[in-house]
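Q: Okay, sequence plus prediction incoming.
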Amino acid sequence: MMIRIRSRDGLERVSIDNPLATVAQLKSEIESQLRVPAQAQIISANQNLLLAKTPDDLTRFTDMTDPGAMLSSFKIGHGSIVYLAYEGERTVAGPTFHPAGSFGRKMTMDDLIAKQMRVSRQENPHCELVSFDRDAANAFQHYVNESLSFAVKRGGLMYGTVSEEGKVEVDFIYEPPQQGTEENLILLRDPEEENLVEAIALGLGMRRVGFIFTQTISQDKKDYTMSNAEILQAVELQAEGDLKEWVTAVVKLKANEDGGADVHFEAFQMSDICVRLFKEDWFERDVKEEIDPKLSRMKKEVVIGVKDMRDVDNDFFLVVVKIFDHQGPLTSTFPIENRISPVTMRALKSHLDRAKNLPFVKRISDFHLLLLLARFLDVNADVPALAGCVHTQSTVPEGYQLLIESLASAS
């Protein structure tokens, strides 16, 4: 009988003389006729085998692992299709060709990889949902809405926790030094300041979990969810964050039914293929203005559907994430870093005075206040220790309390 074998190499045929053949005999004939070693073969009657992307995915296809099972028990007979996956390379016998000019040119490994780099939509994110601390989200959007009027872009790095189920909770937003224009957002990142932020996050039992930025009013009139520049910035930060649940949040103004505008939050992950393309340097970074902003240009062609293309619709790279909100452990009432008005010690005194009826640890339970204090503390010991008191809501040691009060009174 003749069995058709479909693999990554296409559709091939294997002849078997024995109508009562077993799985082991089929593997033996595949090795003999198609030059795929039996020990490297994974065969299945399930076509989804060919969609498996990782070794773990392949282990799920166990229907034809028993070497003694007869093919007829799987309803496999003459003309049936069996699906084959294998690791490594194979040598296929055939005529020898002598390259002649470009027509006969041998394909390099880069050529082959380019032909196999397929871009498709990713249906499911790696994070179950993202929940924003109401005060932190409001402090960010209020500044953009009231002070910047959504005229220039603004961004921040989100910090919080990730549960075992992949639920991301954002509890504070750090706004690095930056320069925003109508179309672009340049983060002027300060490594020393970010070290302080990381030390505070460590003490609070949190970590960096995502990136948040705003789109301007002028962008609302354009036909894209995220521009190519925004995709490139978002995927660069996601790759740097190296967290599979990493979230990118977009804040924009949207017209409502009454003719006014509401602040609107959207959340996404950059797809796995997007991150891979970035890490392997496929993205064209110096994109000319004539390129439609809803398209990202690749350095080489990728396969989309059945077409080879260099321009990819940005929506292919976006995986939608559900949004919730919560009341987190911190307040967001202290002036925020790197905005138009610099944060002063007078602000520290005013903040402490306003909350003087609360326990001291409650009075300093604000990330932005902790960032100001961190500039006067040892980053490796004191900063995580003080943030740890906030995390556990335990009594602040007297030495820290005296230092903080003296800093406040010095204003």
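A: Ah, there it is. Numbering: from 1, shown residues only.
Q: Give the buried residues for stretch 401-411.
A: Neighbour-count burial for stretch 401-411, counted by 16 or more other CB atoms under 10 Å, picks out 401, 403, 404, 407, 408. All C-beta spots, glycine's among them, are computed from the backbone N, C-alpha and C.
Q: From residue 29, how far off is the third one?
A: To tie it back to what came earlier, the one meant is residue 404. 78 Å (CB to CB, to the nearest Å).
Q: The first one too?
A: Distance, residue 401 to residue 29, using CB to CB: 80 Å.
Q: Surely residue 41 and residue 27 touch.
A: Yes. Contact status for residue 41 versus residue 27: in contact at 5.4 Å, counting by CB atoms under 8 Å.
Q: For residue 204, see how far away the nearest residue to residue 333 once chain neighbours are set aside is.
A: Of all residues not flanking residue 333 in the chain, residue 366 sits nearest, at 6.4 Å (CB to CB, 6 or more residues apart in numbering). According to CB to CB, residue 366 stands 11 Å off from residue 204.
Q: how about residue 15, what does it touch?
A: For residue 15, the contacting residues are 1, 2, 3, 29, 33, by CB atoms under 8 Å, 6 or more residues apart in numbering.
Q: Neighbour-wise, give me the winner out of these.
A: Within these, most neighbours by other CB atoms under 10 Å means residue 3, with 21 neighbours.
Q: Now stretch 47-59: buried residues?
A: Applying 16+ other CB under 10 Å to stretch 47-59 flags 49, 52 as buried.
Q: next one: it to chain centre, how far?
A: The chain centre lies 22 Å from the centre of stretch 47-59; the measure is CA atoms, centre = their mean, to the nearest Å.
Q: average pLDDT for that stretch?
A: Confidence over stretch 47-59 (mean pLDDT, whole number) is 84.
Q: end-to-end on it?
A: Start and end residues of stretch 47-59 are separated by 14 Å (CA to CA, to the nearest Å).
Q: With stretch 235-254 instead?
A: One end of stretch 235-254 sits 25 Å from the other (CA to CA).
Q: Test my guess that residue 287 contacts residue 297.
A: Yes. Shown here, residue 287 and residue 297 form a contact pair, counting by CB under 8 Å, at 5.5 Å.
Q: any common contacting residues for these two?
A: Joint contacts of residue 287 and residue 297 (CB under 8 Å, 6+ apart) are residue 228.
Q: what's the burial count for residue 24?
A: 13.
Q: Ignore what I typed, I meant residue 191.
A: When neighbours are defined as other CB under 10 Å, residue 191 has 6 of them.
Q: That one and residue 176, how far apart?
A: With distances taken as CB to CB, residue 191 is found 10 Å from residue 176.
Q: do the same with residue 4
A: Counting by CB to CB, the gap from residue 4 to residue 176 is 58 Å.
Q: Not counting sequence-adjacent ones, nearest residue to residue 181?
A: Leaving aside its chain neighbours, residue 181 sits nearest to residue 152 (5.7 Å; criterion: CB to CB, 6+ apart).
Q: what's the burial count for the one you found?
A: Using other CB under 10 Å, residue 152 has 17 other residues around it.
Q: Equivalent analysis for residue 8, please.
A: With other CB under 10 Å as criterion, residue 8 counts 9.
Q: Could you pull up the residues touching it?
A: Residues in contact with residue 8 (CB under 8 Å, 6+ apart) are 50, 85.
Q: Also residue 375?
A: Here residue 375 is in contact with residue 196 (CB under 8 Å, 6+ apart).
Q: Could you check how far it is from residue 350?
A: Residue 375 sits 18 Å away from residue 350, going by CB to CB.
Q: can you check residue 182 too?
A: Going from residue 182 to residue 350 by CB to CB gives 34 Å.
Q: for residue 394, same thing?
A: Taken as CB to CB, the span from residue 394 to residue 350 is 25 Å.
Q: So for the two, which sits in the more crowded spot?
A: Of the pair residue 394 and residue 350, residue 350 is the one with more neighbours under other CB under 10 Å, namely 15 against 11.
Q: thinking again about what came up before, can you list which of the contacts of residue 15 are found in helices?
A: 29, 33 (DSSP state H).
Q: Just the closest of the contacts of residue 15 to residue 18, please.
A: Here the nearest of the contacts of residue 15 to residue 18, counting by CB to CB, is residue 1; it sits at 8.5 Å.
Q: quick one, what contacts that closest one?
A: 15, 16, 19, 21, 77, 78, 79.
Q: how close does the fourth one get to residue 69?
A: With distances taken as CB to CB, residue 21 is found 10 Å from residue 69.
Q: what does residue 230 give?
A: In this view, residue 230 and residue 69 are 53 Å apart by CB to CB.
Q: So these two - more neighbours on which side?
A: Neighbour totals were compared for residue 230 and residue 69, and residue 230 leads with 24 against 14 (other CB under 10 Å).
Q: now the nearest residue to the more buried one once chain neighbours are set aside: how far from residue 250?
A: Distances taken as CB to CB, 6+ apart put residue 213 closest to residue 230, at 7.1 Å, once the chain neighbours are dropped. Using CB to CB, we find residue 213 at a distance of 7 Å from residue 250.
Q: Now the common contact residues for these two.
A: Counting by CB under 8 Å, 6+ apart, the residues touching both residue 213 and residue 250 are residue 230.
Q: Among the contacts of residue 1, which ones are in strands?
A: Using DSSP state E, the subset of those located in strands is residue 15.
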